[in-house]
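1. Sequence first, predicted model second:
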Amino acid sequence: MAKPLRNGITTGACAAAAARAATELLFHGTKPAQVILVNPMGQSLTVPIHQVEAIAGGTRAVVIKDGGDDPDVTHGLPVVVEARPAPDGIRLHGGPGVGRVTKPGLALAVGEPAINPVPRQMIKEAVAAVLPPGRGVELMISVPGGELIARRTLNPRLGIVGGISILGTTGIVRPMSEEAFKDSLLPLLDMARAAGFHQVVLTPGHMGARIAVEGYGFPAEAVVEMSNFVGFMLESCVEKGFSGVLLWGHHGKLLKVAAGIFHTHSRVADARRETLASHVALMGGERDLIASIMETGTIESVVELLAEHNFLSVYHQLACRASQRAMEYVHHRLKVGTVLLTLDGKILGWDRQAQEIGRALGCRELG
């Protein structure tokens with residue numbers, strides 16, 4: 001019997017635990033050996049503290065990044081947080097080894113340190129729990145060695161320079177053993193069938209699932225995460241007797257399906273710009289616009305570019321194309337609709353089947 005794979009912790013959880021440990025020493029004089037965090041799903045995470053000490057004007061704590069059994073390039077890096085008293089509030093700063101945003105289109109403003117929104121929330125909640133009333137703290141997060149490691153990540157392509165990103169939406173790194181990961185997704189389809197659903201929403205990750213349920217009113221039991229395994233999950237839906245699937249997620253992921261790519265990991269295939277550019281060209285886009293699409297730093301920034309040139313309707317065409325390719329993939333044994341979302345969860349493109357499936361599942365916007 002194969003040994004179960006071990007989960008790790010995200011850089012965001014590392015930073016939150018180190019921030020709390022440094023703050024505890026700063027205001028309470030205690031040196032915790034470990035910190036217990038609560039992630040956005042309400043799960044407890046126990047994070048060992050590698051080092052916590054006093055420094056000039058403040059304190060410093062270190063957590064060693066543990067990627068578990070995931071092939072994570074940041075595994076073993078120290079995540080360091082220095083804490084110093086402030087008049088009020090909790091202020092975050094990025095130090096050496098933490099990247100900085102230089103291009104628009106991400107969830108962070110240009111010029112901000114690459115500390116994503118969920119880790120920011122986790123850091124502030126962890127620190128607020130031990131911050132005395134009426135006191136504030138300045139937190140400097142750094143990752144020695146992060147600038148070098150960042151060259152092996154997508155950060156250079158995203159315009160994030162100088163280091164890695166502080167990431168994570170759950171605080172947990174789940175091992176990417178592909179077969180085990182696929183197997184872990186199938187019970188979610190079984191649960192949807194057991195709840196009486198004949199159509200299901202497939203979305204790449206947790207954020208898409210949360211937006212579907214909280215933002216648009218889909219029943220939680222009918223929303224299933226598929227990770228990068230679009231083709232595998234479509235075939236599994238056929239095997240389990242579903243009649244329809246709504247592909248729902250960020251356009252940067254689902255554009256790949258429009259190109260006939262059914263494993264959407266970035267190391268397997270990309271073609272997003274090429275797909276967008278070819279469809280805009282078919283709609284009459286001029287050569288300069290096509291060239292701009294091919295040269296943009298992020299796929300999110302293409303949305304602004306197309307809005308300026310009145311070509312946003314291309315996303316409806318791409319939704320139709322993704323649905324068509326998906327139905328061909330399963331030999332038309334499923335009805336498939338597609339909804340493309342922006343980074344902040346707004347609907348960007350959809351097709352007729354998406355409206356039909358969305359209406360049947362109670363979506364507030366597609367009826």
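-> Received it, and whenever you're ready, just let me know what you need.

2. For this structure, which element, helix or strand, carries the lowest mean pLDDT?
-> helix 155-158 (a mean of 72; mean pLDDT, DSSP states H and E).

3. In terms of secondary structure, what does the following helix or strand past it contact?
-> For helix 155-158, the following helix or strand on the C-terminal side (DSSP states H and E) is strand 160-161. Helices and strands touching strand 160-161, by 3 or more CB pairs under 8 Å, 6 or more residues apart in numbering; DSSP states H and E, are strand 100-101. In short, each C-beta sits where N, CA and C put it, glycine included.

4. export the helix or strand that the strand it packs on is followed by as CSV, just CAs?
-> Past strand 100-101, further along toward the C-terminus, the next helix or strand under DSSP H and E is helix 117-128. Extracted in CSV, the C-alpha atoms of helix 117-128 (Å, rounded to 0.1, in the frame of the first residue of the first chain):
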residue,chain,number,x,y,z
PRO,A,117,-4.7,39.1,-0.1
VAL,A,118,-5.4,35.9,1.8
PRO,A,119,-1.9,35.7,3.4
ARG,A,120,-2.3,39.4,4.3
GLN,A,121,-5.5,38.5,6.1
MET,A,122,-4.0,35.5,7.8
ILE,A,123,-1.0,37.5,9.0
LYS,A,124,-3.2,40.3,10.4
GLU,A,125,-5.6,37.9,12.1
ALA,A,126,-2.7,36.0,13.7
VAL,A,127,-1.0,39.1,15.0
ALA,A,128,-4.2,40.8,16.1
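
5. who does helix 117-128 touch, helix- and strand-wise?
-> Using 3+ CB pairs under 8 Å, 6+ apart, helix 117-128 is in contact with helix 11-28, strand 34-38, strand 90-94, strand 136-142.

6. and it, what's its mean pLDDT?
-> If you average the pLDDT over helix 117-128, you get 95.

7. Residues contacting that helix, please?
-> When contacts are defined by CB atoms under 8 Å, 6 or more residues apart in numbering, helix 117-128 is touched by residues 10-13, 15-17, 19-20, 23, 35, 37-40, 90, 92, 107-108, 115, 137, 139, 141, 166-169, 171.

8. looking at it, P85 is touching V137, isn't it?
-> Yes. With contacts counted by CB atoms under 8 Å, P85 reaches V137, the gap being 6.5 Å.

9. Who has more neighbours out of these two?
-> Shown here are P85 and V137; by other CB atoms under 10 Å, V137 has more neighbours (25 against 14).

10. For the more buried one, give me its contacts.
-> Contacts of V137 by CB under 8 Å, 6+ apart are 23, 26-27, 83-86, 90-91, 127, 131.

11. same thing but 6 Å
-> By CB atoms under 6 Å, 6 or more residues apart in numbering, the contact list for V137 reads 23, 83, 86, 90.

12. Report the contact partners of the first one.
-> Neighbour list for T23: 83, 127, 130, 137 [criterion: CB under 6 Å, 6+ apart].

13. Looking at those, state which has the most neighbours.
-> Going by other CB under 10 Å, A83 tops these with 29 neighbours.

14. my read is that one is in a strand, agree?
-> Yes. Counting by DSSP: H, G, I helix; E, B strand; the rest coil, A83 is found in a strand.

15. what's around the residue nearest to it when sequence neighbours are not counted, how many residues?
-> Taking CB to CB, 6 or more residues apart in numbering, and ignoring the residues beside it in sequence, A83 has A22 as its nearest neighbour in space, at 3.8 Å. If you count neighbours by other CB under 10 Å, A22 ends up with 32.
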